[in-house]
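Engineer: Provide a 3D model corresponding to the input given below.
(chains A and B)
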Amino acid sequence: MAMQDPNFNSALAKGLLRFITCGSVDDGKSTLLGRLLYDAGMVPEDQLAALVRDSRRQHDDVGDQLDFSLLTDGLDAERQQGITIDVAYRYFHTVRRSFIVADCPGHEQYTRNMATGASNAELAVVLVDARKGLLPQTRRHTYICSLLGIRKVVLAVNKMDLVSFDQTTYQSIVDQYRELARDLGITEVHSLPVAAPTGDNVGVHSERTPWYDGATLLELLETIDAAPFRAEDFRMPVQWVNRPDQSFRGYAGTLCGGSVALGDEIVVQPGLHRAHVDRIVCAGADVEHAVAGQAVTLCLGREVDASRGDVIADARRPAPVADQFTCHLLWLGDVALLPNRTYWLKIGTRTINARVMSIKYKVDVNSQAKLAARHLDLNEVASCTIGLDENIAFETYATNRTLGGFILIDRHSNATVACGMLDFALERSSNVHWQHVDIDKAVRGANKGQHPLCLWFTGLSGAGKSTVANLVERKLHVLGYHTYLLDGDNVRHGINKDLGFTPEDRVENIRRIAEVAHLMVDAGLIVLVSAISPYRSERRSACELFAKGEFLEVFVDAPLEVCEQRDPKGLYQKARDAKIRNFTGIDAPYERPEAPDVHLLNTGKRAEQLAEQLVEQVIGLLRSGH
Amino acid sequence: MSSINQLDLLEAESIHIFREVMAGFQRPVMLYSIGKDSSVLLHLLRKAFYPARSPIPLLHVDTTWKFREMIAFREQVAATGDVEVLVHINQDGVRQGISPLTHGSTVHTDVMKTVGLKQALDKYGFDAAIGGARRDEEKSRAKERIFSFRNAQHRWDPKSQRPEFWNTYNTHIRKGESVRVFPISNWTEMDVWLYIQRENIEVVPLYFAKPRPVVERDGALIMVDDERFTLNEGERIEMREVRFRTLGCYPLTGAVESSADTLEKVIDEMTRSRSSERQGRVIDQDPTASMERKKQEGYF
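Structural biologist: Purely as a prediction, here's the structure:
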């Protein structure tokens, strides 16, 4: 067994394989990987000594057998529970190749960590326990591998020693798996029988499987052709504009496709600015050309407007541009995905507002069945349509991972809540254009002698929103202002008649009210919206529709007990009697504003006083021209 | 050029990460520990923003127990003037007289490094701290993301790390929270040395063999670097030809006997080595998984 061979430099030249190990919990992934490292001669002596010590401590009854899983399960909680929680990255090399392996957790709960590992891998080693055959997690992991673009799999049927190295058992598992892989578009499946703790067919051929004459796992990994995926056309998302002084202006970024050479004509997307490449700086020195994977700084022949998030592309073959797509989403958030809620979408170096417009179907990852869905829970996969605030330069995920793969970020918690793969742009995204009109908001407002404004009243049912809004409107009307009051209840009789009170419907309810209010403000009106609007996320989205200073969040704040005592519509009583469901404050949440523009404490004061207080503020704003 | 080699790819990946940090955070800093990984990191930092001067300052959390040659090297880096170098010492620790010799590695590391680091991050309001940790160093590091989220108390929660896809990193945090970023996560110790060789990067001379005064203590060769070192009963100082694979506080870092006095010989020696890089680190000899605990509390 050769230790850290002196041929390392030649292994370096032969390239790197990034792969993952996955499969169900207890299928023996960590053990297999530990054994693989051991057989490849990659366990240093001090770590081996620690392994012997730890193995004895962990299993006082197993004698001197080594527990290879202890080489990779590095977290306290993992050792205590004997499971893998998060991806462990391991680095090793042989004479032929160097490797980065992501040892992925098997538990369904940690699927997001498994997907994290899969996103940077070219190959997956899928483990199956010979006694158990294909399990739901085997199918789930294979599905996620295929979703993230892995097209090559090594199927390791493990624990063969526990089925007496029976060829029939092995073959039937392989046959089933090949069928699954074919359905998922995985083009290349290699299979082999192994026993991880004893190392059968891991690093050396096993004498106990005379019927198997194929390669060992190590040989397979060394020889499978798995060059990293590379996109063909030149693309570079701009990361950073480098401007140390007047003499230098460079666009820094990593090429995510193709190559670029001095003199090439490029286009800055999603706009149409064209220029020639004047200078390429790569890792601190000038070069004549650069290829995908390299981090460079490009200087252009003329001044163009380019900034972070733009894509510099080959002018002859620019990237497509759109703002609506069909995509696949893997939901990773602890809180469900709600259609029409706004999230940040990060694609390449661009971060932009996005919302899922509809869930076409979710996929049962065990059976691949397409199911109807109104929201997505943790670890669910779905085909969705998604809309962005602006056009972006993109590629399909199959063409370019960087410009076709994105993450969604929750705008409140900042958590990464989804990974997505673009399938194609919707036709309407390029066919529906914004029609320019000559008469604009300012002109319409001036005609009415006012600055248009949206006053957004939020609060629990019975907090007094409508009462206060109504009084405010009356006062503004008397003063000669042009107003309209959009009341949540009233709107539900018309434009939102089709919506109920589920979280999904509430999100859509607020989105539509906000859009209507926005149109009315555009018409020059002062709009008062009175709606519970229980979620911060949707109130924030509403606010973002408007120009700065055009939207005021007014929190009509009354304790739940007070609202329940008032119960003007008798709804609290019904909710308490379980006659209605999803009632805010009872069995549905109300997310209080953290920093409302106006905070009206509606406990003791009469509504009239509150309205006075608010009108003062509003009129102040209107007069100052905000 | 039709393809690029593995070191080129690692270099590009690291540069990409530096630039994402610069674009995604208000006030990033690079933690500079003066070792070989820090030297590589600094080299990459300069390349990432070339021809501009590095917009990211360096921070050295000085435990006051670094090798003298390390401090001289740091001063040399600061003197180049092309990057700002900040030094922070936990003065409370100094007042309490915390020493690795009398208080042991755990207390010393906690007070002078972990607490010192948190003080510095809070003092300057850094929201991203770039470090040179590699995943091949230690098992809990092998588990950590490249952009590793820390809450307002600087704590790492290994059970709820943000998923991280492709090279698309989430840089969104709230006020008070921060992120530790590891641009050379995917490098191995060998990659680091080969890159130092290829790029002709200067490192602290302690990495190369030379006769040095050492004491054998608990199976490790500890170098006597200044007069603060106290001999235990039966110990004696002897000159031996040694070098260091890793550098920390001098009383806590074991040397290895070696005659590798050039870069070529060091790389040659490494290809034959049968032990891991961190074998000489006294602080790693704590009970299993102690690094994980230290990290949860804010250690780098």
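Engineer: can you name the residue of the stretch 401-550 of chain A nearest chain B?
Structural biologist: Residue nearest to chain B within the stretch 401-550 of chain A: residue A:414 (4.0 Å; Cβ to the nearest Cβ). Quick note: C-beta positions are derived from backbone N, CA and C, even for glycine.
Engineer: residues making contact with the strand or helix carrying residue A:113?
Structural biologist: Taking DSSP states H and E as the criterion, residue A:113 maps to helix A:111-118. With Cβ atoms under 8 Å, 6 or more residues apart in numbering or on different chains as the test, helix A:111-118 has contacts from A:20, A:22, A:85-87, A:102-106, A:124, A:140-141, A:144-145, A:148, A:150, A:330, A:332, A:378-379, A:419, B:161, B:163-165.
Engineer: for PyMOL, write the select line for the buried members of the residues you listed.
Structural biologist: Selection of buried members from these for PyMOL, criterion 16 or more other Cβ atoms under 10 Å in any protein chain shown:
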select buried, (chain A and resi 20+22+85+86+87+102+103+104+105+106+124+140+141+144+145+148+150+330+332+378+379+419) or (chain B and resi 161+163+164+165)
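Engineer: mind checking what helix or strand follows the helix holding residue A:113 in sequence?
Structural biologist: Following helix A:111-118 toward the C-terminus (DSSP H and E): strand A:123-129.
Engineer: the domain parsing of the chain - what is it?
Structural biologist: Since no chain was named, I'll use chain A. Listed by the TED database, the domain ranges of chain A are A:6-223, A:235-314, A:321-425, A:441-625.
Engineer: chain B is the one I meant
Structural biologist: According to the TED database, the domains of chain B span B:6-194+B:289-297, B:205-284.
Engineer: how far off centre is the longest one?
Structural biologist: Relative to its chain's centre, domain B:6-194+B:289-297 lies at 7 Å (Cα atoms, centre = their mean, to the nearest Å).
Engineer: next one: the last one
Structural biologist: In terms of Cα atoms, centre = their mean, the centre of domain B:205-284 is set 17 Å apart from its chain centre.
Engineer: which helix or which strand is home to the residue of the stretch 401-550 of chain A closest to chain B?
Structural biologist: Secondary structure assigned from DSSP H and E places residue A:414 in neither a helix nor a strand.
Engineer: SS state for the residue in the stretch 51-200 of chain B that chain A sits nearest to?
Structural biologist: Distances between the stretch 51-200 of chain B and chain A by Cβ to the nearest Cβ are smallest at residue B:139, namely 2.6 Å. Here residue B:139 takes the coil state, with states given by DSSP: H, G, I helix; E, B strand; the rest coil.
Engineer: need the residues of the stretch 51-200 of chain B near chain A, please.
Structural biologist: On the criterion Cβ under 8 Å from any Cβ of the partner chain, chain A has as its neighbours in the stretch 51-200 of chain B the residues B:51-53, B:135-136, B:138-140, B:142-143, B:158-159, B:161-168, B:170, B:172-174, B:185-186, B:188, B:190, B:194.
Engineer: redo that, cut-off 6 Å
Structural biologist: Proximity of the stretch 51-200 of chain B to chain A is confined to B:51-52, B:135-136, B:139-140, B:142-143, B:158, B:162-166, B:168, B:170, B:172-173, B:188 under the rule Cβ under 6 Å from any Cβ of the partner chain.
Engineer: re earlier: now the angle from the helix holding residue A:113 to strand A:123-129?
Structural biologist: Interaxial angle of helix A:111-118 relative to strand A:123-129 (axes from the mean of the first three to the mean of the last three Cα atoms, to 10 degrees): 140 degrees.
Engineer: just the C-alpha atoms of helix A:111-118, please, in CSV.
Structural biologist: Extracted in CSV, the C-alpha atoms of helix A:111-118 (Å, rounded to 0.1, in the frame of the first residue of the first chain):
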residue,chain,number,x,y,z
THR,A,111,-31.6,16.3,1.9
ARG,A,112,-30.6,20.0,1.4
ASN,A,113,-27.1,19.1,2.5
MET,A,114,-27.0,16.2,0.1
ALA,A,115,-28.1,18.5,-2.7
THR,A,116,-25.4,21.0,-1.7
GLY,A,117,-22.8,18.3,-2.3
ALA,A,118,-24.4,17.2,-5.6
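Engineer: okay, and the most centrally placed residue in chain A sits in which element?
Structural biologist: Centroid check for chain A by Cα atoms, centre = their mean gives residue A:418 as the closest residue, at 2.5 Å. Using DSSP H and E, residue A:418 maps to strand A:416-425.
Engineer: same check, this time on residue A:146
Structural biologist: helix A:136-147.
Engineer: the one helix or strand residue A:89 maps to pairs with which strands, parallel or anti?
Structural biologist: According to DSSP H and E, residue A:89 maps onto strand A:88-93. Sheet pairing for strand A:88-93, assigned by DSSP bridges, gives strand A:98-103 (antiparallel).
Engineer: give me the distance from the partner strand to the chain's centre.
Structural biologist: Its chain's average C-alpha position is 24 Å from that of strand A:98-103, according to Cα atoms, centre = their mean.
Engineer: repeat that for stretch A:275-285.
Structural biologist: Worked out by Cα atoms, centre = their mean, stretch A:275-285 lies 32 Å from the chain centre.
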